[in-house]
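> no FASTA, just this:
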């Protein structure tokens, strides 16, 4: 690749400065999920109340995703970043200071959740501002990987901290991480480099009813939206009910936790490796087709395999695939949506994913309770994945990813 003086080396500092705050918001989301029974006992509330701490993120994302996208497109990624960072830090501290009052903890959790879309919806805008076209999937992959690190961290930290020091200490540790992360991103980020990197001219179509209508009449974008709706919904469901899926196979809660950790850690690795390969090769679609082909037997494995070792391997394969391909799919969505701005195109994708997450989890529980088995909802997950195959096969490369490749 030829050297290009338009590319600022500071672009990597930008990513490193944003990475921790995205980790922080996801840690806040799942901070009590791994110790839900302990939290339920500590606060003297029902399990549904503890579950609402996690559900708050899905609910508030649906409400605030479009406003966050408007901020990103109208004012730039940095005002959105600052908004999300301040909400995360300030209400993370509120949650820690009033850790013994469940009502205040719940209110603070919903306010932290408001900040999440302001942080996640910048994941393709930052690469568009700072990176050449042949590095944008890699940059988006790094920011997406931050989410995965945020998923994994409370799974590892919360049980240890809660058992040794109590629930309030967990909230205090996460509050400190949130404050430090917010300071780092506020100090070290800039909106744009002095000279724009090579690639498509920055689009001018801001969030509006007309731009949203244009997205929903764009067949290439609708294909991405369809795949994301199904894939993100399945991903959220598998993460949420993994223990229920594995218990009929004789898997213990501790073993299910290890399977879940392997799923996420493999996803972190995939989010690093696959986008780099995609950028270097200048292709996107083969990754989508290959991922669906691999995920079909993986979900069948979750349904029928009883061997713990095999389930760990399957979890690693599934996590590496679905979480590794996600940033490539997000970047492809922004490319086919051009000239609609990245905040709008990614915001709609993530919004659909949150809606499908709630719907899929609800349907899974409904079908499981009705049939007294996870087999029927799992087979529907397999069927939904199969339905994605003809959609991705018909996709075409945007052409934008080949710039400077």
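Ah, there it is. Keep in mind that this is a model prediction, so the values were computed, not measured.

> Give the buried residues for the lowest-mean-pLDDT helix or strand in the chain.
For the chain, counting by mean pLDDT, DSSP states H and E, helix 209-216 ranks last in confidence among helices and strands (a mean of 79). Neighbour counts using 16 or more other CB atoms under 10 Å place 211-212, 214-215 of helix 209-216 among the buried residues. C-beta: built from backbone N, CA, C; applies to glycine.

> can you pull the contacts of residue 149?
Shown in contact with residue 149 (CB atoms under 8 Å, 6 or more residues apart in numbering): 23, 26, 268.

> Give me the pLDDT for it.
pLDDT recorded at residue 149 is 87.

> Could you do the one 3 residues further on as well?
As predicted, residue 152 sits at a pLDDT of 80.

> roughly how far apart are the residue nearest to it when sequence neighbours are not counted and residue 76?
In this structure, residue 152 finds its nearest non-sequential neighbour in residue 264, 4.4 Å apart by CB to CB, 6 or more residues apart in numbering. Computed as CB to CB, to the nearest Å, the residue 264 to residue 76 distance reads 31 Å.

> more crowded one of those two?
residue 264 (21 against 16; other CB atoms under 10 Å).

> what residue is smack in the middle of the chain?
residue 147 (5.3 Å; CA atoms, centre = their mean).

> so which strand or helix has that one?
helix 136-165 (DSSP states H and E).

> after that helix, next one along is what?
Following helix 136-165 in sequence, per DSSP H and E, is helix 167-188.

> Mind checking the pLDDT average for that next one?
Helix 167-188 comes out at a mean pLDDT of 97.

> re earlier: now tabulate the contacts of residue 149 in TSV and tack on secondary structure, pLDDT and neighbour count.
Converted to TSV, the contacts of residue 149 look like this (DSSP: H, G, I helix; E, B strand; the rest coil; pLDDT from 0 to 100; neighbours: other CB atoms under 10 Å):
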residue	secondary structure	pLDDT	neighbour count
23	helix	96	22
26	helix	93	22
268	helix	84	21
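
> can you list the weak-confidence ranges in the stretch 201-350 of the chain?
Low-confidence segments of the stretch 201-350 of the chain (pLDDT under 70): 201-208, 253-254, 342.

> All the strands of it, in order from the start?
Counting by DSSP state E, counting those that start in this stretch, one finds no strands in the stretch 201-350 of the chain.

> Quickly note the distance from residue 278 to residue 338.
Residue 278 is 17 Å from residue 338, by CB to CB.

> Among those two, which residue is more densely surrounded?
Neighbour totals were compared for residue 278 and residue 338, and residue 278 leads with 25 against 19 (other CB under 10 Å).

> ok, the more buried one touching residue 285?
No: with contact defined as CB atoms under 8 Å, residue 278 does not reach residue 285; the gap is 9.8 Å.

> what mean pLDDT does stretch 80-92 have?
Rounded mean pLDDT across stretch 80-92 is 98.

> Show me what it is in contact with.
Residues contacting stretch 80-92 (CB under 8 Å, 6+ apart): 18, 21, 24-25, 28, 68, 71-72, 108-109, 111-112, 114-119, 121-122, 171, 174-175, 178-179, 181-183, 185-186, 189, 343.

> are any of the residues you listed buried, and which?
18, 21, 24-25, 28, 68, 71-72, 108-109, 111-112, 114-119, 121-122, 171, 174-175, 178-179, 181-182, 185-186, 189, 343.

> domain assignment for this protein?
Domain segmentation of the chain under automatic domain parsing yields 10-191, 202-405.

> Would you list the phi and psi of residue 49?
phi -60, psi -40 (degrees, to the nearest 10).

> residues touching it, list them.
Residue 49 neighbours (CB under 8 Å, 6+ apart): 40, 43, 102, 106.

> What is the burial count for the third one?
Counted with other CB under 10 Å, the neighbours of residue 102 add up to 17.

> Which strands or helices does the least confident helix or strand of the chain pack on?
In terms of contacts (3 or more CB pairs under 8 Å, 6 or more residues apart in numbering; DSSP states H and E), helix 209-216 is packed against helix 219-246, helix 342-371.

> if I look at the residue nearest to the centre of the chain, how far off is residue 164?
27 Å.

> Please apply the same query to residue 52.
Applying CB to CB to residue 52 and residue 164 gives a distance of 26 Å.

> do residue 216 as well
Taking CB to CB, one finds residue 216 at 51 Å from residue 164.

> One more: residue 250?
30 Å.

> Which parts of the stretch 1-150 of the chain are helices?
Ranges of helices in the stretch 1-150 of the chain, per DSSP state H, counting those that start in this stretch, are 11-30, 36-43, 47-75, 77-97, 102-120, 125-130, 136-165.

> now, of those helices, which is deepest in the fold?
Of these, the one with the most neighbours on average (mean count of other CB atoms under 10 Å) is helix 125-130, at a mean of 26.

> Just give the number of residues close to residue 296.
Residue 296 - counted by other CB under 10 Å - has 17 other residues nearby.

> Can you tell me how far the residue nearest to it when sequence neighbours are not counted is from residue 302?
Nearest residue to residue 296, sequence neighbours excluded (CB to CB, 6+ apart): residue 385, at 5.4 Å. Applying CB to CB, one obtains 11 Å for the distance of residue 385 from residue 302.

> got it, and residue 35?
Distance from residue 35 to residue 302, by CB to CB: 24 Å.

> Can you give me the separation between the residue nearest to residue 296 and residue 300?
Taking CB to CB, one finds residue 385 at 10 Å from residue 300.

> So these two - more neighbours on which side?
residue 385 (23 against 16).

> Hmm, residue 265 and residue 320 touching each other?
No: Residue 320 is not in contact with residue 265 according to CB under 8 Å; the separation is 9.2 Å.

> Which residue of these two possesses the greater neighbour count?
Neighbour count, other CB under 10 Å: between residue 320 and residue 265, residue 320 has more, with 24 against 21.

> What mean pLDDT does stretch 33-49 get?
Mean predicted confidence for stretch 33-49 is 83.

> what's the distance between that stretch and the middle of its chain?
With CA atoms, centre = their mean, to the nearest Å as the basis, stretch 33-49 stands 25 Å off its chain's centre.

> What of stretch 93-101?
So, by CA atoms, centre = their mean, the centroid of stretch 93-101 is 26 Å from its chain's centroid.

> Count the neighbours of residue 370 for me.
Neighbour count of residue 370, defined by other CB under 10 Å: 10.
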